[in-house]
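**Student:** Got a sequence here, can you build the structure:
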Amino acid sequence: MAGTHSQHRLGVALVVAAAVAWSTAPFFTRLLPFDSWTILFWRGLFGGGLIAAILALTQGRAGLRDLTRMGRNGWLVASLSTLGMVSFIPALQLTSVSNVAIIIATGPFVAAAFAWLWLDEAARWQTMLASLVALIGVAIIVADARTGSDVLGIALACFMTVAIAAMTVTVRRHRHTPMVAAAAISNLLGSVVSIPFAHGIASVAATDLVILAMFGFFQVALGLTLFVLGSRLLPSGQATLIATLETPLMPFWVWLAFQEVPATRALAGGALVMAAVVADIVNDSHGQKRAS
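**Tutor:** Numbers count the residues shown, from 1 in each chain. Below you'll find the predicted structure:
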């Protein structure tokens, strides 16, 4: 019993650390004075390279085989992940971090809708109600968009959420997809896609290169590794709930470092979205306990 309890605590600590690592994306983006394609190129190169190295070190030749033999489903997952990434960085540059964070938090509901359409997974009435509340929260945020760039940033955040939700359902549909290998490929694919559009690849200074390396290593590779390790020690519902800590932390770091204060509408909409997400996951977790 003591061993199980210690494993649970370790799992919680690892997923919390993963959420903290993931939440630093806006902080790194604000630090870098480059176009989004240049950031995507270097972030993907460092992040994808380190994930591939971790895969090779932890799984040896089997890990390398995952990288070279992903198959059609693996490439679909990697492509959807790449679409999400190339939308994420420009969204952070065009609208407020709080807007992006809150829209991303609706991802579980978008994934539930895709699972209903594609996999015939019946949605619980509680999830449908929570989805409606989350939609109202997003509507409040969208209603506050004032400039063309703000609208485009919100649209890109929505597109990213749809792409990642589709990726999640694809992984669920094809459970044997090597997810870590797909993450490595998607980062490297993002770098390749960025080359024709990036204007500052060669003009990155040594100090900026260090920041970009930290962006790729810490936010991308370390965040994914910690979550994979931690989620193995926790129920999936609990791991998902803890990972939502990323949402309030994203605007917190930029407020702390750059004094970017969320708008009142963003706070109100964010409160509705976060309440819906937490309530749905907690309700689902209680339902699974009663079923067992």
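**Student:** Run through the stretch 101-250 of the chain and note the low-pLDDT ranges.
**Tutor:** Applying pLDDT under 70 to the stretch 101-250 of the chain flags residues 123, 125, 127, 142, 144-148, 175, 235-238.
**Student:** Helices of that one, start to end?
**Tutor:** Using DSSP state H, counting those that start in this stretch, the helices of the stretch 101-250 of the chain run over 107-119, 125-142, 148-173, 179-194, 206-214, 223-231, 236-243, 246-258.
**Student:** and Asn73, which of these is closest to it?
**Tutor:** Across the helices of the stretch 101-250 of the chain, Asn73 has its closest neighbour in helix 148-173 (7.0 Å, C-beta to C-beta). Where you see a C-beta, it was placed from the backbone N, CA and C, and this is true even at glycine.
**Student:** So which bits of that closest one are buried?
**Tutor:** Judged by neighbour count (16 or more other C-beta atoms under 10 Å), helix 148-173 contains these buried residues: 150, 153-171.
**Student:** so what does it touch, helix or strand wise?
**Tutor:** helix 71-94, helix 97-104, helix 107-119 (3 or more C-beta pairs under 8 Å, 6 or more residues apart in numbering; DSSP states H and E).
**Student:** returning to that earlier point: and the helices of the stretch 101-250 of the chain: which comes nearest Val86?
**Tutor:** helix 179-194 (6.0 Å).
**Student:** Relative to the whole chain's centre, how far out is that closest one?
**Tutor:** Centroid separation between helix 179-194 and its chain, computed with C-alpha atoms, centre = their mean, to the nearest Å, is 14 Å.
**Student:** before we move on, what about stretch 141-160?
**Tutor:** 18 Å.
**Student:** any chance of the helices of the stretch 101-250 of the chain in JSON lines, plus distance to Gly63?
**Tutor:** Below are the helices of the stretch 101-250 of the chain laid out as JSON lines (distance: least, C-beta to C-beta, whole Å):
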{"stretch": "helix 107-119", "distance to Gly63": "27"}
{"stretch": "helix 125-142", "distance to Gly63": "36"}
{"stretch": "helix 148-173", "distance to Gly63": "18"}
{"stretch": "helix 179-194", "distance to Gly63": "7"}
{"stretch": "helix 206-214", "distance to Gly63": "22"}
{"stretch": "helix 223-231", "distance to Gly63": "13"}
{"stretch": "helix 236-243", "distance to Gly63": "23"}
{"stretch": "helix 246-258", "distance to Gly63": "26"}
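**Student:** Gly44: which of the ones you listed is closest?
**Tutor:** helix 179-194 (3.7 Å).
**Student:** Tell me what angle the closest one forms with helix 71-94.
**Tutor:** Helix 179-194 runs at 60 degrees relative to helix 71-94, counting by axes from the mean of the first three to the mean of the last three C-alpha atoms, to 10 degrees.
**Student:** So which elements touch helix 179-194?
**Tutor:** Applying 3+ C-beta pairs under 8 Å, 6+ apart, we find helix 179-194 packed against helix 36-59, helix 61-68, helix 71-94, helix 223-231.
**Student:** Could you list every helix and strand that the third one packs against?
**Tutor:** If contacts are counted by 3+ C-beta pairs under 8 Å, 6+ apart, helix 71-94 sits against helix 25-31, helix 36-59, helix 97-104, helix 148-173, helix 179-194.
**Student:** now the ones you listed in JSON lines, with distance to Gly137?
**Tutor:** Shown next, in JSON lines, are the helices and strands packed on helix 71-94 (distance: least, C-beta to C-beta, whole Å):
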{"stretch": "helix 25-31", "distance to Gly137": "19"}
{"stretch": "helix 36-59", "distance to Gly137": "26"}
{"stretch": "helix 97-104", "distance to Gly137": "7"}
{"stretch": "helix 148-173", "distance to Gly137": "13"}
{"stretch": "helix 179-194", "distance to Gly137": "29"}
